[in-house]
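1. sharing a sequence plus its predicted fold:
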Amino acid sequence: MRGRGDSVVSIQTLTKSFSTGVTALQDIDLEIAPGEFISLIGPSGCGKSTLLRVIGDLVEPTSGTLRVNGKTAHQARVDHDYGIVFQDAVLYDWRTVQRNVSLPLELLGWDRAKRKERVREMLELVELTGFESSRPWQLSGGMQQRVSIARALSFDPALLLMDEPFGALDEMTRERLNMELLRIWEKSGSTVVFVTHSIPEAVFLSTRVVVMSARPGRIAATIDVDLRQPRGGETREDARFFELVTEVREALAAGHGEAAGGRSSSVEELF
């Protein structure tokens, strides 16, 4: 069992409003313990990605407090405490696949031999062995995203922030990378914050699912996922898996109803 210990991410009464007058997040309170796998799920536009970007020091909160590893989010970013995978692969066209994956390691001062071995491991993990010398524009969108994932995992970050990283992949590759991500998470002991629109994916991956309401985004529910580890294909056939999927779906519907002033809505309207 993973101990909670001091929080890796600690958020109190955090609000984010934009100059347009839109309030994306309101009164967010969230504690994330070392080694947890947290999925953020909610209606489109509820602020899931904004919350991830606030944690990653890409967006500043309007009010409230946020600490990452006991530091400000800015200091945690400067200290390379986390890796980030975005919805779109952010790759450099003038670099080969190998050199895109190795970029964080170059910045961290890893020697050439160590970088080469780590890149080999990462490309094998995401099944891109043989594409080391390819350029991003020569790859499909899904392959580009797999390069981005390999790059973010390359330096074993203590905190991994992932914004719908598997959305561009086919279902079989997505499920395989779900299992690979869990294996990496278990091996590294890192903490993961993962944004997804997929209820089954959130349940399969997570130790906790954080359900957010429609804008302004609030935390509507936090659901502990008590599925056994390690997880595999059989997990998706477990009766408890289906119970938890239903629990998350009902929490989404309830949170949307409260945000809409009690208006009845189907879950299909949320995404």
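-> Ah, there it is.
2. and the residue positioned nearest the centre of the chain, which of the three is it?
-> For the chain, residue 194 is the residue whose C-alpha lies nearest the centre (Cα atoms, centre = their mean; 2.1 Å). On the three-state scheme (DSSP: H, G, I helix; E, B strand; the rest coil), residue 194 is labelled strand.
3. so who does it touch?
-> Taking Cβ atoms under 8 Å, 6 or more residues apart in numbering, we find residue 194 in contact with 37, 38, 39, 40, 162, 165, 202, 205, 206. The way it works is simple: take the backbone N, C-alpha and C, and place the C-beta from them, glycine included.
4. residue 250: which of those residues is nearest?
-> Minimum distance to residue 250 across those is 13.8 Å, recorded for residue 202 (Cβ to Cβ).
5. please identify the helix or strand for the closest one.
-> Taking DSSP states H and E as the definition, one finds residue 202 inside helix 199-205.
6. residue 245 and residue 222, how far apart?
-> Applying Cβ to Cβ, to the nearest Å, the value for residue 245 to residue 222 is 16 Å.
7. scratch that, residue 52
-> 16 Å.
8. quick one: which of those two has more around it?
-> residue 52 (21 against 13; other Cβ atoms under 10 Å).
9. tell me the SS of the more buried one?
-> helix.
10. please report how far it lies from residue 165.
-> In terms of Cβ to Cβ, residue 52 sits 11 Å off from residue 165.
11. ok, now residue 92?
-> Distance from residue 92 to residue 165, by Cβ to Cβ: 18 Å.
12. so these two - more neighbours on which side?
-> residue 165 (26 against 11).
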